[in-house]
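Student: Please find the sequence and the predicted model below.
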Amino acid sequence: MKNFYHNKTILITGASSGIGKDLALFYSAFNTKLILLARREDLLKQIQDECQKNGSEVLIFAADVSDRKKMEAIASDVLNQWGFVDIVIANAGVGGLNPADHFSLDLNQKFVAINILGLAYTLVPFIDSMKQNKKGILVGISSLAAFRGLPKAASYSSSKAAQGVFLESLRVDLKKYGISVCSIHPGFIETPMTDHDEFKMPFMVPVRKSSILIAKAIKRKKAVYLYPWPMRILTYINKKLPVCVYDYLVPRLSGQKQNTDSRTF
Ligand SMILES: NC(=O)c1ccc[n+]([C@@H]2O[C@H](COP(=O)([O-])OP(=O)(O)OC[C@H]3O[C@@H](n4cnc5c(N)ncnc54)[C@H](OP(=O)(O)O)[C@@H]3O)[C@@H](O)[C@H]2O)c1
């Protein structure tokens, strides 16, 4: 792992918390150059300090990934300063529930703006530079929720499915330029996003274990990576379930509370 990541320039969105924060801290041990982006600048500054103490050079940007102009400006700023970014990780995202019997279109718009548009605004501005350099890795952190419409999660599941499909198309288009695209699908990871008891969360993964698995998958340039393995198997089974079995079983097994409000995590 060390040889592969040594001296690499890596951009991570959603670096103020959870998976993105831990990836930043993990990569900071490899003499990397890091670009960390999220909205909460105070948190980014603390993580910048920690990463610098570990030996990394770090730029931070307080930005909303759904702001296209700002994301394009940040990409050109970074490319001007550091010339090339080896790995771009579109991790920023919102989770949450949006039950169909009192569906919030406002909330749905938020999922679309952050999870779908934000992923494109993060990755696309780096494609030209990667094409010119005939190398680079684009990474999207989707979810196992991408593979079926989970109960009360029309907004989250559909946004995560859109991410996976978007990444797949990028992958086939960009292969000829030497650019790899990884679609990462985590199960339940111990982060602020899962710090609630709205439904069952089996096979929860500690965040550092998650970072190691993501880093290995990126190093291997895995096109699609589902983890942890018990959830990968359950997801494959779930994908194959006939509609009538899915409709009967999944709401009963999910352990969801009856009267759930629309809310983000
Ligand atoms: N935890 C899980 O079990 C799990 C499972 C599957 C997939 N995922 C995915 O993994 C990713 C990270 O989740 P997490 O668990 O680490 O959650 P988290 O701890 O809540 O972190 C989410 C990160 O995204 C950033 N973010 C949210 N909206 C943003 C916006 N509009 N612009 C810029 N940054 C934004 C947040 O930073 P600011 O608030 O400072 O902007 C924060 O750094 C998400 O895409 C999530 O869907 C998580």
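Tutor: Done, it's in.
Student: Okay, now the unreliable bits of the protein?
Tutor: The chain contains residues with pLDDT under 70 at 257-258.
Student: near the ligand, which residues of it?
Tutor: 13-20, 38-40, 64-66, 91-95, 114, 118, 141, 143, 186, 188-189, 191-194 (Cβ under 6 Å from any ligand atom). From N, CA and C alone the C-beta is placed, and that goes for glycine too.
Student: Which members of those residues are classed as buried?
Tutor: 13-20, 38, 64-66, 91-95, 114, 118, 141, 143, 186, 188-189, 191, 193-194 (16 or more other Cβ atoms under 10 Å).
Student: Of these, which belong to helices?
Tutor: Taking DSSP state H, the ones among those that sit in helices are Gly18, Ile19, Gly20, Gly118.
Student: I figured the last one hits Asn91, correct?
Tutor: No - Gly118 is not in contact with Asn91 according to Cβ atoms under 8 Å; the separation is 10.0 Å.
Student: As CSV, could you dump the C-alpha coordinates of stretch 199-211?
Tutor: Extracted C-alpha coordinates of stretch 199-211, given in CSV (Å, rounded to 0.1, in the frame of the first residue of the first chain):
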residue,chain,number,x,y,z
PHE,A,199,-33.3,0.7,11.3
LYS,A,200,-31.0,-2.4,11.8
MET,A,201,-27.4,-2.0,10.7
PRO,A,202,-25.8,-5.5,10.5
PHE,A,203,-22.1,-6.1,10.0
MET,A,204,-21.1,-2.5,11.0
VAL,A,205,-17.5,-1.8,9.9
PRO,A,206,-15.2,0.5,12.0
VAL,A,207,-14.2,3.5,9.9
ARG,A,208,-10.4,2.7,9.9
LYS,A,209,-11.1,-0.8,8.6
SER,A,210,-13.3,0.9,5.9
SER,A,211,-10.4,3.2,4.9
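Student: Please work out which residues outside that stretch touch it.
Tutor: Contact with stretch 199-211 is made by 18-19, 22-23, 25-26, 186-191, 194, 213, 227-228, 230-231, 253-257, as judged by Cβ atoms under 8 Å, 6 or more residues apart in numbering.
Student: Packing partners of the longest helix belonging to the chain?
Tutor: Criterion DSSP H: the longest helix present in the chain is helix 154-174. Contacts defined by 3 or more Cβ pairs under 8 Å, 6 or more residues apart in numbering; DSSP states H and E place helix 154-174 against strand 96-97, helix 105-111, helix 118-123, helix 127-133, strand 137-141, strand 180-186.
Student: Pairing partners for the last one, with directions?
Tutor: When you say that, I think you mean strand 180-186. strand 137-141 (parallel), strand 224-227 (parallel) (DSSP bridges).
Student: Just say which of those is most tucked in.
Tutor: Counting by mean count of other Cβ atoms under 10 Å, strand 137-141 has the highest mean neighbour count of these, with a mean of 25.
Student: May I ask you to confirm that Gly255 belongs to a helix?
Tutor: No - counting by DSSP: H, G, I helix; E, B strand; the rest coil, one finds Gly255 to be coil, located in no helix.
Student: Please report the distance of it from the ligand.
Tutor: 15 Å (Cβ to the nearest ligand atom, to the nearest Å).
Student: next one: Asn54
Tutor: 19 Å.
Student: Can you get me a residue count around the spatially closest residue to that residue that is not a sequence neighbour?
Tutor: Using Cβ to Cβ, 6 or more residues apart in numbering and skipping residues adjacent in sequence, the residue nearest Asn54 is Ser28, 4.0 Å away. Residues lying near Ser28 (other Cβ atoms under 10 Å) number 23.
Student: Enumerate every residue touching the residue nearest the centre of the chain.
Tutor: Closest residue to the average C-alpha location of the chain: Ile141 at 2.3 Å, with Cα atoms, centre = their mean. Ile141 makes contact with Gly14, Ile19, Ile89, Ala90, Asn91, Gly93, Ile184, Pro186, Ile214, according to Cβ under 8 Å, 6+ apart.
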